[in-house]
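Student: Kindly return the folded structure for what I paste below:
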Amino acid sequence: MQFNNYVKSLIVVVALAFVAGCSSTGGTQDGSMDGSAGGAGGQGTTTGQVGGTGMGQGQGMQGQGQGMQGQGQERVPQQRTIYFDYDKETIRPEFESTLNANAQYLRSNPNAKVILQGHGDERGTREYNLGLGERRAKAVERYLAVQGVNDSQIEIVSYGEERPAVDGHSEDAYAQNRRVVFDY
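Tutor: Residues are numbered from 1 along each chain as shown. Reported below is the predicted structural model:
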């Protein structure tokens with residue numbers, strides 16, 4: 001009888017630990033391109049042009065905070081989103097500095113891991129957009145590998161059109177949704 005109560009209590013504790021481990025940190029997924037995304041101040045810069053909108057490539061820290069990642073280590077780069085042309089997975093030259101900064105961070109912090117989140121706009125089928133998001137994330141992964149980043153630090157996930165940064169049916173909205181996000 002006493003053993004049964006112990007087993008039941010142990011199962012409840014393990015289940016609670018599992019749920020706590022799977023819970024979200026509450027980061028944002030708004031993909032704001034003007035550096036006004038949530039998080040700790042949402043600081044970003046506006047350096048690239050996207051779809052002729054005059055909006056930059058900056059993105060907030062997505063709820064990660066801006067503190068140091070460890071004693072004596074570099075900060076996670078603030079620029080953590082790159083954008084793509086319609087129906088393309090080719091990396092645009094204006095985002096090479098963003099990619100290089102993230103590559104430098106990963107090389108300098110061999111224990112750091114990143115999830116490359118590939119996204120697409122709502123045009124096309126769900127299946128096609130999942131594939132396109134994956135191809136975009138793989139293009140970024142290849143770029144990082146050439147820059148010397150260890151492949152064990154990188155994971156890829158495609159959300160396709162499922163997590164838009166911006167709701168809307170305009171070219172400006174579509175341009176902000178065609179992206180890869182570095183999620184540390």
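Student: Tell me which helix or strand Gly131 sits in.
Tutor: Assigned by DSSP states H and E, Gly131 falls within helix 126-146.
Student: what's downstream of that helix, the next helix or strand?
Tutor: Remark: after helix 126-146, the chain's next helix or strand is strand 154-160, criterion DSSP H and E.
Student: what does the helix holding Gly131 contact?
Tutor: Applying CB atoms under 8 Å, 6 or more residues apart in numbering, the contact partners of helix 126-146 are 82, 84, 87, 89-91, 99, 102-103, 106, 116-122, 124, 151, 154, 156-162, 178-180. Where you see a C-beta, it was placed from the backbone N, CA and C, and this is true even at glycine.
Student: Show the buried residues in the residues you listed.
Tutor: 82, 84, 89, 91, 99, 102-103, 106, 116-122, 124, 154, 156, 158-161, 178-180 (16 or more other CB atoms under 10 Å).
Student: now, which of these lie within helices?
Tutor: Using DSSP state H, Leu99, Asn102, Ala103, Leu106 are the members of the buried ones among the contacts of helix 126-146 that sit in helices.
Student: ok, of those, which one's closest to Tyr174?
Tutor: Leu99 (22.0 Å; CB to CB).
Student: so the closest one touches Ile82, yeah?
Tutor: Yes: the pair Leu99 and Ile82 qualifies as a contact (CB atoms under 8 Å) at a distance of 6.7 Å.
Student: shared neighbours, those two?
Tutor: Shared between the contact lists of Leu99 and Ile82 (criterion: CB under 8 Å, 6+ apart) are residues Ile91, Val140.
Student: And the strands in this structure?
Tutor: 81-83, 114-119, 154-160, 179-183 (DSSP state E).
Student: other SSEs contacting the shortest one?
Tutor: With contacts taken as 3 or more CB pairs under 8 Å, 6 or more residues apart in numbering; DSSP states H and E, strand 81-83 sits against helix 96-108, strand 179-183.
Student: and the angle from the last one to strand 114-119?
Tutor: Computed by axes from the mean of the first three to the mean of the last three CA atoms, to 10 degrees, the angle separating strand 179-183 from strand 114-119 equals 160 degrees.
Student: Touching strand 179-183 from outside, list them.
Tutor: 27, 31, 59, 62, 77, 80-84, 102, 114-119, 136-137, 139-140, 165.
Student: average model confidence for it?
Tutor: What strand 179-183 shows for mean pLDDT is 98.
Student: what's the angle from it to helix 126-146?
Tutor: 60 degrees.
Student: what number of residues lie near the residue lying closest to Tyr184 once chain neighbours are set aside?
Tutor: Spatial nearest neighbour of Tyr184, excluding adjacent residues (CB to CB, 6 or more residues apart in numbering): Val76 at 5.0 Å. The local packing of Val76 (other CB atoms under 10 Å) involves 23 other residues.
Student: show me where pLDDT drops low in this structure?
Tutor: Applying pLDDT under 70 to the chain flags residues 1-73.
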